[in-house]
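> This is a predicted model, with the sequence first.
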Amino acid sequence: MQALEVLQPGAFTTVQDLGRYGYQKYGVSISGAMDRFALRVANLLVGNEEGEAAIEATVVGPKLKALKNLRIAITGGDLSPQANRKTVPMWRTLNIKEGEVISFGFPKSGCRAYIAVGGGIDLPLVMGSRSIHTRSNLGGDGRPLMKGDVLGKMDSGAGIQEFRTYQMPENEIPVYGGQWNVRVILGPQNDYFTRKGIHTFFTSEYEISPQADRMGYRLQGPRIEHRAGADILTDATPPGSIQVPGDGMPIILLADGQTTGGYSKIAVVTSVDQDLLAQAKPGDKLRFRRVTILEAQRLIERMEKRIQRIRRVFTAV
Amino acid sequence: MNGYRGARYLIAGDRGISVEFGNALDEEINRRVHKMMYALKNAKIPGVIETNPTIRSLFVYYDPLKTGVKELVQKLRKIEERMGDIKLPQPRFFEIPVVYGGEYGPDLELVAQLLDLTPEEIINIHSGKEYFIYDTGFIGGSAHFKIPPPLDSLPRKKTPNLGVPAGAVLMAGGLGSVFKPLPGPTGWYWIGTSPLRQWFPEKDPPLLINPGDRIIYRPVDQEEFFRIKDLVDKGGYDPILSRRNLKGTDQ
């Protein structure tokens, strides 16, 4: 069922769900939404399962024409969304009429916005996911959306009039910006760094360089000192890995990060803070804070409870 | 490997454990990684999402809402103790046609210079030996092997090459990449190009060459390169050496 036509693609607009699991052994990145929390909430707001595929826009959002009456929700970074040139609220269900144009303006806060459509964006499942991964040509046409692309949606089974409108409770809406405090778990190769190097990492401010995309962010700041060499015998690089190559400048791997790598990893960003990092932009400043694995996993539990709480608010009344 | 007294279990983020069997390019270490992978698959532990075998470690991704980390490590250690009798799949033996040098391998001359050898000597060393495949990492499932001396003394290039084609035969840092599955940047030396394909996203498994397999390079000229490429594109080229030999004896 045709749902949206791309009039203008924006800076880097893709379709993402919660990612591709089970194929890292073949070099296939997990990919999926950079900000999973925002994607999940966007889906809940339109009555979808939380892991359906939605549109991920980056800094400069796309211009999209509705090809039928649609139920949508826009979450994540505030890229000034509009419908027929009128500002529309984020983090709530919107009913869009056939022919209406959804567009974006100035990026006010955050970096990535999610546009979920009732039913979910219908791309073929490739290796269990609809996510577009440009570096391996997977999902859709394996490239960001282009002018003239038409996105389908799956049948949500009912007309939009039958649905209620939901709104994210104000106190649940994340605030992006300012200085980012990124919680990390030390290791697995912290023994490759001097005490001084680890101290530098935890006490300094690092700026996100212009080399920042879905694959990862290169950071600039005080040099992190290795004990001897920076290179390890290649091993796995889970999302959130903070690699430090020989120049001492950290690289954070994110959703589209490669599956293995040969640089020593000083730490791994907690899952919940990987979502937040999706909203950080080049020029933003980060500080790293150490947490234990049990603390990090409690944060995941808390995040799941939060999603369940939001889901209950939407399904109540 | 001598001195093996069990794996190291390294915490790597809040959803992963790296089970490290050693820190060397060693076939025995690599076989342990794969035995552990199959043993873990058979054990069907709740909460384990997927595993990623590398040269010397098995990365285990898990859902911390379904299993505690201590509990998981205990279970993994038990599996490690009992994995001895796991049988690994029958390895396959591939012949990799490759055009060396020129526009097919722009770094061949440089590599020869750096090692004070002739390009022919580099080709002879590179294509004169069977290689064991340790892992299939990086984008599109690039298959890696241990590069023989003196080629193993080459570090990664200081300035990465921003675009090499699919098929690029690469080496650096003690490793060879059989050939690059997809076009893209690389910091490795590009010495030749193969007409074969590694990446078949529509198939399961999606890769031609997998860990545990063996390969040998065969230098070919441009004419043969295009003849093979044509067959590969039509799906009519069989790069498996042992199977081709068997076919030969049948006739």
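Right, received. Where do you want to start?
> what secondary structure does A:Ile198 sit in?
Assigned with DSSP: H, G, I helix; E, B strand; the rest coil, A:Ile198 falls in the helix class.
> ok, and for whichever helix in chain B runs longest, which residues are buried?
For chain B, the helix with the greatest residue count under DSSP state H is helix B:27-43. For helix B:27-43, the neighbour count (16 or more other CB atoms under 10 Å in any protein chain shown) marks B:Ile29, B:Asn30, B:Arg31, B:Arg32, B:Val33, B:His34, B:Lys35, B:Met36, B:Met37, B:Tyr38, B:Ala39, B:Leu40 as buried. Where C-beta positions appear, they are placed from N, C-alpha and C, glycine not excepted.
> could you redo the residues you listed as a markdown table and give each row distance to A:Cys111 and pLDDT?
Shown next, in a markdown table, are those (distance: CB to CB, whole Å; pLDDT from 0 to 100):
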| residue | distance to A:Cys111 | pLDDT |
| --- | --- | --- |
| B:Ile29 | 41 | 96 |
| B:Asn30 | 40 | 96 |
| B:Arg31 | 44 | 95 |
| B:Arg32 | 42 | 96 |
| B:Val33 | 37 | 97 |
| B:His34 | 40 | 96 |
| B:Lys35 | 43 | 96 |
| B:Met36 | 39 | 97 |
| B:Met37 | 37 | 97 |
| B:Tyr38 | 41 | 96 |
| B:Ala39 | 42 | 96 |
| B:Leu40 | 37 | 96 |
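> just curious, which of the residues you listed is nearest to chain A?
B:Met37 (7.9 Å; CB to the nearest CB).
> Show me which residues of the stretch 101-250 of chain B sit near chain A.
B:135-142, B:144, B:173, B:175, B:181-182, B:184, B:199, B:201, B:205-207 (CB under 8 Å from any CB of the partner chain).
> Produce a ChimeraX select command limited to the buried residues of the residues you listed.
Restricted to buried positions by 16+ other CB under 10 Å, the ChimeraX selection for those reads:
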select /B:135,136,137,138,139,140,141,142,144,173,175,181,182,184,199,201,206,207
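> Nearest spatial neighbour of B:Pro89, chain-adjacent residues omitted?
Nearest non-adjacent residue to B:Pro89, counting by CB to CB, 6 or more residues apart in numbering or on different chains: B:Gly212, 6.8 Å away.
> what's the distance between the one you found and chain A?
Look at B:Gly212 and chain A: by CB to the nearest CB, to the nearest Å, they are 12 Å apart.
> for B:Leu76, same thing?
In terms of CB to the nearest CB, B:Leu76 sits 15 Å off from chain A.
> That residue - that's part of a helix, no?
Yes - B:Leu76: assigned to a helix according to three-state DSSP.
> That one and B:Leu40 touch, don't they?
Yes - counting by CB atoms under 8 Å, B:Leu76 does reach B:Leu40; the two are 7.2 Å apart.
> which neighbours do those two share?
B:Val60 (CB atoms under 8 Å, 6 or more residues apart in numbering or on different chains).
> would you list every one of the strands in the stretch 101-250 of chain B?
Along the stretch 101-250 of chain B, counting by DSSP state E, counting those that start in this stretch, strands occupy B:131-132, B:135-137, B:142-146, B:161-164, B:168-172, B:175-177, B:184-186, B:189-193, B:214-219.
> What pairs with the fourth one, parallel or antiparallel?
Put plainly, it is strand B:161-164. Sheet pairing for strand B:161-164, assigned by DSSP bridges, gives strand B:184-186 (antiparallel).
> got it, and the second one?
Strand B:135-137 has these partner strands in its sheet, going by DSSP bridges: strand B:142-146 (antiparallel).
> And the shortest one, by the same measure?
Using DSSP bridges, the strands paired with strand B:131-132 are strand B:214-219 (antiparallel).
> follow-up on the earlier one: which secondary structure elements does the longest helix of chain B sit against?
The contact analysis (3 or more CB pairs under 8 Å, 6 or more residues apart in numbering or on different chains; DSSP states H and E) places helix B:27-43 against strand B:48-53, strand B:57-62, helix B:69-81.
> And the furthest pair within the buried residues of helix B:27-43?
Largest separation among the buried residues of helix B:27-43 by CB to CB: B:Ile29 and B:Leu40, giving 16.7 Å.
> domains for chain B, by residue range?
B:8-85, B:93-250 (automatic domain parsing).
> where among those domains is the average confidence lowest?
Lowest mean pLDDT within the domains of chain B: domain B:93-250, at a mean of 91.
> can you pull out the helices in the stretch 101-250 of chain B?
Along the stretch 101-250 of chain B, counting by DSSP state H, counting those that start in this stretch, helices occupy B:108-115, B:119-127, B:222-233, B:241-250.
> Nearest to B:Tyr100, out of these?
Short answer: helix B:119-127, nearest of the helices of the stretch 101-250 of chain B by CB to CB, at 4.8 Å.
> Residues in contact with that closest one: which ones?
B:98, B:100-101, B:108-109, B:111-112, B:115, B:117, B:147-148, B:150-151, B:171, B:176, B:191-192, B:216-219.
> at 7 Å instead, please
The contact list for helix B:119-127 (CB atoms under 7 Å, 6 or more residues apart in numbering or on different chains) reads B:Tyr100, B:Gly101, B:Leu108, B:Glu109, B:Val111, B:Ala112, B:Pro148, B:Leu151, B:Ile191, B:Tyr217, B:Arg218, B:Pro219.
> residues near the first one, how many?
Other residues lying near B:Tyr100 total 21 when counted by other CB atoms under 10 Å in any protein chain shown.
> how about it, what does it touch?
B:Leu108, B:Ile123, B:Ile191, B:Gly192, B:Pro219.
> so what's the closest residue to it other than its chain neighbours up against?
Sequence neighbours aside, B:Gly192 is the residue nearest to B:Tyr100 in space, at 4.2 Å (criterion: CB to CB, 6+ apart). Contacts for B:Gly192 (CB under 7 Å, 6+ apart) come out as B:Val98, B:Val99, B:Tyr100, B:Gly101, B:Tyr104, B:Gly105, B:Val169.
> Any buried residues in stretch A:61-68, and which?
A:Gly61, A:Pro62, A:Lys63, A:Leu64, A:Lys65, A:Ala66, A:Leu67.
> Now do stretch A:256-266, average pLDDT.
According to the model, stretch A:256-266 has a mean pLDDT of 93.
> got a list of what the most centrally placed residue in chain A touches?
A centroid search over chain A (CA atoms, centre = their mean) returns A:Met34, at 1.6 Å, as the residue closest to the centre. Applying CB under 7 Å, 6+ apart, we find A:Met34 in contact with A:Glu56, A:Arg112, A:Arg214, A:Leu254, A:Ala255, A:Ala278.
> you'd agree the fifth one is up against A:Pro239?
Yes - counting by CB atoms under 7 Å, A:Ala255 sits close enough to A:Pro239 to count as a contact (6.1 Å).
> and for the two, which residues touch both?
A:Ile30.
> Residue 176: neighbouring residues, count only.
Just so you know, I chose chain A. 21.
> wait, chain B
25.
> what do you get for the one 3 residues further on?
Using other CB under 10 Å, B:Phe179 is surrounded by 28 other residues.
> wait, isn't it in contact with B:Val164?
No - look at B:Phe179 against B:Val164 with CB under 7 Å: they stay out of range, at 10.0 Å.
> Alpha carbons only: can I get the longest strand belonging to chain B in PDB?
As assigned by DSSP state E, the longest strand anywhere in chain B is strand B:93-100. Output of strand B:93-100 as PDB, limited to C-alpha atoms (Å, rounded to 0.1, in the frame of the first residue of the first chain):
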ATOM      1  CA  PHE B  93      39.300 -25.800  -0.400                       C
ATOM      2  CA  PHE B  94      39.000 -22.800  -2.900                       C
ATOM      3  CA  GLU B  95      41.200 -21.700  -5.700                       C
ATOM      4  CA  ILE B  96      41.200 -18.000  -6.000                       C
ATOM      5  CA  PRO B  97      42.100 -16.600  -9.500                       C
ATOM      6  CA  VAL B  98      43.800 -13.200  -9.300                       C
ATOM      7  CA  VAL B  99      45.300 -10.700 -11.700                       C
ATOM      8  CA  TYR B 100      48.400  -9.200  -9.900                       C
END
